[in-house]
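**Q** A structural model of the following input is requested.
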Amino acid sequence: MKPCYRSMLRKMESRESQDPAPAVAASWSLYILRCRDESFYTGVTTDIDRRFREHEAGRASRFTRTRRPVVLVYQETCGTRSQALSRECAVKSLGHQGKEKLVAGGRKVS
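**A** Predicted structure coming up:
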C-alpha cells in the first residue's frame, strides 16, 4: 500500500475510534464488478444497490462508463469506512488471477 494511503487510513481509524459511534452506523461494503471486457472494477459503498445502478447508468466512474454493461460478481461487508478502504487497497493490489480466485471462492452475487 502506498505511504500516503497508509497515512490517510491511520487518520481515519483514529477519528473512528475517538468519535462515539452513531446509533445507526452505516455498514461499508466492498464490491467487485466484472465489465464487458472481462476487467474488474473494485469499489466501496454503503449502498451496493444504489451504487450498481449508478455504474449501469454511466454516472459512477469513468472506468465503468466505457465498459458497460457491468455485472456485480462479489460483495463483502467490511464494517467501517477505513476497514473497507483498507480491504479495497488489498484487493486492488491483486492481479487479475487473484481477483478471479477471490470471486470464485467468495460471496458470489447473481
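**Q** hey, where'd the helices end up in the protein?
**A** All helices of the chain, identified by DSSP state H, fall at 3-18, 48-57, 62-65, 81-92, 96-105.
**Q** among those, which comes closest to residue 42?
**A** Closest to residue 42 of the helices of the chain, according to C-beta to C-beta: helix 81-92, at 5.1 Å. All C-beta spots, glycine's among them, are computed from the backbone N, C-alpha and C.
**Q** identify each buried residue in the closest one, please.
**A** Buried residues in helix 81-92, counted by 16 or more other C-beta atoms under 10 Å: 81-88, 91.
**Q** quick revisit: of the helices of the chain, which is nearest residue 35?
**A** Smallest distance to residue 35 across the helices of the chain (C-beta to C-beta): 6.2 Å, for helix 62-65.
**Q** mean confidence score for that closest one?
**A** Mean pLDDT, computed over helix 62-65, is 95.
**Q** again, but for stretch 68-80
**A** In this model, stretch 68-80 has an average pLDDT of 95.
**Q** run through the bridge partners of the nearest residue to residue 81 once chain neighbours are set aside.
**A** Nearest residue to residue 81 in three dimensions, chain neighbours excluded: residue 28, at 5.1 Å (C-beta to C-beta, 6 or more residues apart in numbering). Counting by DSSP bridges, residue 28 is bridged to residue 79.
**Q** just checking, residue 28 touches residue 84?
**A** Yes - in terms of C-beta atoms under 8 Å, residue 28 counts as a neighbour of residue 84; the distance is 3.7 Å.
**Q** any common contacting residues for those two?
**A** Counting by C-beta atoms under 8 Å, 6 or more residues apart in numbering, the shared contacts of residue 28 and residue 84 are 44, 78.
**Q** shaky segments in this protein?
**A** In the predicted model, the chain carries pLDDT under 70 at residues 1-2, 4-5, 8, 19-25, 107-110.
**Q** what number of residues lie near residue 49?
**A** 9 (other C-beta atoms under 10 Å).
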